[in-house]
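J.: give me a model of this one.
(one chain, ligands or ions: 1)
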Amino acid sequence: MTESQKIQAAAEFLRSRLPEAPELALVLGSGLGGLAEQIENAVSIPYRDVPYFPLSTAPGHAGQFVAGRLAGRPVLCMQGRFHYYEGHEMSAIARPVRVFKALGCRALVLTNAAGGVNYDFQVGDFMLITDHINFMGANPLRGENEEAIGPRFCDMSRVYDTGLQEIARQVAAGQGLNLQEGVYLGYMGPSYETPAEIRAFRTLGADAVGMSTVPEAIAAAHCGLPVLAMSLITNMAAGMTGKRLSGEEVIEIANQRGPVFQKLVAEIVAALP
Ligand code: HPA
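T.: Predicted structure coming up:
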């Protein structure tokens with residue numbers, strides 16, 4: 001079975017369950033899952049019910065689609081995502097993005113929890129992702145290319161849509177939020193980075209580091225889906241504070257700052273074209 005056929009099968013299944021065609025797709029990372037509770041007339045669809053979808057196992061990730069209206073807009077959210085460190089194939093991580101495109105979504109909002117690499121950042125900050133560095137050692141476009149999905153050699157000069165970024169800046173300013181900006185470096189994980197790696201990544205131009213988002217952004221660029229991406233800085237990266245890192249602390253900060261992040265994302269959704 002080709003990847004296109006799997007995407008079509010998953011899209012057809014979702015179409016049969018969705019209350020209406022979604023305009024926007026959102027991937028809710030750690031701390032943002034609560035945004036799904038604000039969706040009106042919500043319909044939940046566990047990934048395990050969707051043809052050719054793997055199971056999501058990461059802590060703090062619910063593992064379902066939630067569809068309905070957010071800020072008046074028809075949306076389709078992933079409450080929880082697939083990570084490469086869970087053992088999923090890159091093609092499986094890219095699949096939901098391609099399904100969003102097949103369903104007619106016009107933009108993709110990606111969110112995540114990330115470690116701050118830039119010393120100007122503070123725990124609890126939000127960062128608009130303006131570009132990324134793929135340090136995962138893998139690419140979702142590896143293997144046979146299906147031209148029906150996108151081109152063999154995909155331009156990556158403008159993955160993160162500048163118009164959507166401008167909207168995010170305006171909404172954040174209106175809410176009195178200091179929205180940081182920078183480059184997200186995708187690391188395979190699941191171990192956190194060493195202090196030496198973080199120093200190296202800073203030299204390379206990274207402002208934040210995390211274990212997701214990059215594969216989805218590459219898949220979106222490939223199929224022509226404009227992306228807006230934002231990180232919640234849940235911790236300063238390894239070696240920056242003398243403190244050790246823990247997954248529990250990441251989830252704790254994500255939950256603490258979650259409501260503010262959710263309000264920002266909801267208002268951005270309302271303002272998107
Ligand atoms: N490193 C990698 N991924 C992360 C971090 C980090 O420090 N914090 C949250 N996700």
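
J.: near the ligand, which residues of the stretch 1-150 of the chain show up?
T.: Residues of the stretch 1-150 of the chain lying near the ligand by Cβ under 6 Å from any ligand atom: 113-115. The C-beta positions use only the backbone N, C-alpha and C, and glycine is treated the same way.

J.: list the ones among these that fall in strands.
T.: The strands, defined by DSSP state E, take in 113-115 from those.

J.: and those residues, which is closest to the ligand?
T.: Distance to the ligand across those (Cβ to the nearest ligand atom) is lowest for Gly115, with 2.2 Å.

J.: bridging residues for the closest one?
T.: Legend: beta-bridge partners of Gly115 under DSSP bridges are Val209, Asn235.

J.: that one against Met211, yeah?
T.: No - counting by Cβ atoms under 8 Å, Gly115 does not reach Met211; the two are 9.7 Å apart.

J.: name the residue in these two with the higher neighbour count.
T.: Using other Cβ atoms under 10 Å as the criterion, Gly115 and Met211 rank with Gly115 on top: 27 against 24.

J.: can I get the residues of the stretch 1-150 of the chain next to the ligand in JSON lines including pLDDT?
T.: Shown next, in JSON lines, are those (pLDDT from 0 to 100):
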{"residue": "Ala113", "pLDDT": "95"}
{"residue": "Ala114", "pLDDT": "97"}
{"residue": "Gly115", "pLDDT": "97"}
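
J.: the lowest-mean-pLDDT helix or strand in the chain packs against which elements?
T.: The weakest-scoring helix or strand in the chain, judged by mean pLDDT, DSSP states H and E, is helix 247-271 (a mean of 92). Contacts defined by 3 or more Cβ pairs under 8 Å, 6 or more residues apart in numbering; DSSP states H and E place helix 247-271 against strand 24-28, strand 73-79, strand 107-116, helix 162-174, strand 227-236.

J.: and it, what's buried?
T.: Judged by neighbour count using 16 or more other Cβ atoms under 10 Å, the buried positions of helix 247-271 are 250-251, 253-254, 257-258, 261-262, 264-269.
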